[in-house]
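Asker: Give me a 3D structure for the following:
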Amino acid sequence: LVAFQTSLDDTKESHAIAMKKAEEEVQSLNEKIQNAEQREKDLRAQLAETEKAKHQLNEQRELETTKLTQDMNTLKQSLAQSETKEAAIKHELEHLKEEVTKLVQEQAATLDEAAQTADELQNMLDDA
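Answerer: Numbers count the residues shown, from 1 in each chain. Presented below is the predicted three-dimensional model:
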C-alpha cells in the first residue's frame, strides 16, 4: 500500500510538473500569438501608410505631368508664334532689299543721266 501511495504521489508530482510545463508552454504560445498579432497590426498600419504615400505620390505625379504638358504646349505655341514672326520679318527684309535695290538702280540711272547731261554740256561748251 505504501508503494502504491508512493507511486501515486510520484504520478501526481509528474502530472503536476507536466501540467506546469503545459501551462508555461500555453502562456509562451499565447505571448507569441499576441506578439504576432501586434506585428500584424503594425505591418497593416505601415502598409496603410505606404498606400497613402503611394496615392499622394501618384496624385503629385499626375499634377506635375499635367503642368509639364501645359508648359510644353505653351512653349510650342510660343515657338510657332516666333517662327511666324521670323517669317514675317524675313519677308519684310526681302521687300526692303528689293526697294533699296530699286532705289539704288534709280539713283545710278539718275547719276548716269546727270553725267551724260554734263558730258553734253561740256561738248556744247567745247563747241562754242
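
Asker: can you pull out the strands in this structure?
Answerer: Using DSSP state E, no strands are found in the chain.

Asker: give me the low-pLDDT residue ranges for it?
Answerer: Within the chain, no stretch has pLDDT under 70.

Asker: Show me the helices in it, by range?
Answerer: For the chain, helices defined by DSSP state H occupy the ranges 2-127.

Asker: where's M124 relative to A118, distance?
Answerer: M124 is 11 Å from A118, where distance means C-beta to C-beta, to the nearest Å. The way it works is simple: take the backbone N, C-alpha and C, and place the C-beta from them, glycine included.

Asker: do Q34 as well
Answerer: Separation of Q34 from A118 (C-beta to C-beta) stands at 122 Å.

Asker: Just the buried positions in stretch 75-85, please.
Answerer: Judged by neighbour count (16 or more other C-beta atoms under 10 Å), stretch 75-85 contains no buried residues.

Asker: How many residues are close by T11?
Answerer: Neighbourhood size, T11 [other C-beta atoms under 10 Å]: 10.

Asker: Run through the residues that contact it.
Answerer: Neighbouring residues of T11 by C-beta atoms under 8 Å, 6 or more residues apart in numbering: there are none.

Asker: Would you check how far apart it and E23 are?
Answerer: 18 Å.

Asker: Repeat that for E37.
Answerer: 21 Å.

Asker: What of Q60?
Answerer: In terms of C-beta to C-beta, Q60 sits 55 Å off from E23.
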